[in-house]
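Student: Just the structure for this:
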Amino acid sequence: MSALLQTLIGAFAAMVGGIGGAMWQTRHAEVIARSIRFAERREQCLLRLNAELAEILALIEPLYRQAEKLAAPATAYQDARGIVGRFTLHWETQASGVLADPDVVRAYQLVRGAAHDGGLDGSADYQGVVGNLQGEHAETVKRFRRDLGTLYGLIGELKKVTQQHVDDLHAIPRRTLASSRRRLPLPRRR
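Tutor: The predicted structure follows:
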């Protein structure tokens, strides 16, 4: 009887262990799959943000040059507001829920703050600013040029930070590369 009891206890322990192992393996696989999906979403988001920033810089750079030359850059102000609106929409709809990298978020917040301070995010009295720019109000023109230059520089910095993260996506960590190499013994000299 003792042998039969030991066999039954062993069988029961094996079943419980197998069921527990299967549950742990399933849960662990779900966690790994979730982290892989998040990493893929982050990578896609970084690539899209990097491309969007390249387009934004391509749009804002000639606008900045144009604003430097014009006496009344009212159209440049309108275009700058449109560019900032486009970028804000991209960030809010595609990047903000996925990117949690502190340096990217910090760089975005600096861009957002500069746009707000310059009234380029829609927070300023549109008619008043355009009226002052069309009327060649010297202080408004000077402030607009300064704010647009600051915004241009900060968007460039955000592009650099984003590009660094994109480059990091494609870099192979040294530790992984070194540990994956198979070390063969050197042949002995005779």
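Student: In three-state terms, how would Pro98 be classified?
Tutor: In this structure residue 98 is Val, not Pro. Three-state assignment for Val98 (DSSP: H, G, I helix; E, B strand; the rest coil): coil.
Student: And the pLDDT for it?
Tutor: For Val98, the pLDDT comes out at 88.
Student: residues contacting it?
Tutor: Neighbouring residues of Val98 by C-beta atoms under 8 Å, 6 or more residues apart in numbering: Arg41, Arg42, Cys45. Using the backbone N, CA and C atoms, a C-beta is placed for each residue, glycine as well.
Student: Pull out the buried members of those residues.
Tutor: Buried members of the contacts of Val98, scored by 16 or more other C-beta atoms under 10 Å, are Arg42, Cys45.
Student: Can you redo the contacts of Val98 as TSV, where the extra columns are secondary structure and pLDDT?
Tutor: Formatted as TSV, the contacts of Val98 follow (DSSP: H, G, I helix; E, B strand; the rest coil; pLDDT from 0 to 100):
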residue	secondary structure	pLDDT
Arg41	helix	90
Arg42	helix	89
Cys45	helix	92
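Student: Any figure for the gap between the residue nearest to Val98 when sequence neighbours are not counted and Ile83?
Tutor: Distances taken as C-beta to C-beta, 6 or more residues apart in numbering put Cys45 closest to Val98, at 4.2 Å, once the chain neighbours are dropped. Distance of Cys45 to Ile83, computed by C-beta to C-beta, to the nearest Å: 20 Å.
Student: same question, Leu5
Tutor: Leu5 sits 79 Å away from Ile83, going by C-beta to C-beta.
Student: Repeat that for Tyr108.
Tutor: Separation of Tyr108 from Ile83 (C-beta to C-beta): 15 Å.
Student: Equivalent analysis for Asn50, please.
Tutor: Separation of Asn50 from Ile83 (C-beta to C-beta) stands at 17 Å.
Student: and those two? which has more neighbours close in?
Tutor: Just comparing Asn50 and Ile83: by other C-beta atoms under 10 Å the higher neighbour count belongs to Ile83, 21 against 17.
Student: which residues touch the one helix or strand that one maps to?
Tutor: Counting by DSSP states H and E, the element that carries Ile83 is helix 74-90. Residues external to helix 74-90 that are found in contact with it (C-beta under 8 Å, 6+ apart): 48-49, 52-53, 56, 59-60, 63, 66-67, 70, 111-112, 115, 120-122, 126, 129-130, 133-134, 144, 148, 151, 155.
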